[in-house]
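Visitor: The following comprises the amino acid sequence and a computationally predicted model.
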Amino acid sequence: QVQLTESGGGLVQTGDSLKLSCTVSGLPFSSVGLAWFRQAPNNEREFVAAIAHYGGQRWYHDSAKGRFTISKDNAKNTLYLQMNSLKPEDTAVYYCAKLSTYSESGDFGTHNVRFWGQGTQVTVSS
């Protein structure tokens, strides 16, 4: 059974940092591409960052470049998202995702996802 379980969300202030984690089970972790998406109230779920199973290639949405870092620990079957310089517009539920396909251009969407986690809330106060 595939399970993706996020943790690390919370309430922070503008400019603070937060590190999200996603533990993965039921999949060959080192052989799958993984990503983070987020969904704010009344908005569609949007891509944040992705990491390939090969060579450490990473992709970021423009809003995340320079502030967020995606990484993974194959020994712990865990995906991370380090978020720095947080802004109120980063407020959303953040979802861990197992990718079924890659986007060479980095223009990932929900159609690239095979499995989702349950999400973790991140709230950034101004």
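Guide: Perfect, thanks for sending it. Residues are numbered from 1 along each chain as shown.
Visitor: partners of the residue most central in space within the chain in the sheet?
Guide: When the chain is reduced to its mean C-alpha position, the nearest residue by C-alpha atoms, centre = their mean turns out to be residue 36, at 1.9 Å. With beta bridges defined as DSSP bridges, residue 36 has these partners: residue 49, residue 96.
Visitor: low pLDDT regions in the protein?
Guide: 55 (pLDDT under 70).
Visitor: got the residue ranges for the strands in the chain?
Guide: For the chain, the strands defined by DSSP state E occupy 3-7, 10-13, 18-25, 34-39, 46-51, 58-60, 68-73, 78-83, 92-99, 113-116, 120-125.
Visitor: circling back to that earlier point, from residue 98, how far off is the residue nearest to the centre of the chain?
Guide: 12 Å (C-beta to C-beta, to the nearest Å). The way it works is simple: take the backbone N, C-alpha and C, and place the C-beta from them, glycine included.
Visitor: Could you do residue 6 as well?
Guide: Between residue 6 and residue 98 the distance is 13 Å, computed by C-beta to C-beta.
Visitor: ditto for residue 125
Guide: Residue 125 sits 31 Å away from residue 98, taking C-beta to C-beta as the criterion.
Visitor: Residue 49 too?
Guide: Distance check for residue 49 against residue 98: by C-beta to C-beta, it reads 14 Å.
Visitor: ok, these two, which is more surrounded?
Guide: Set side by side, residue 49 and residue 98 show more neighbours around residue 49, with 25 against 22, by other C-beta atoms under 10 Å.
Visitor: Return the residues in contact with the more buried one.
Guide: Residue 49 makes contact with 35, 36, 58, 59, 60, 61, 64, 68, 69, 70, 81 under the criterion C-beta atoms under 8 Å, 6 or more residues apart in numbering.
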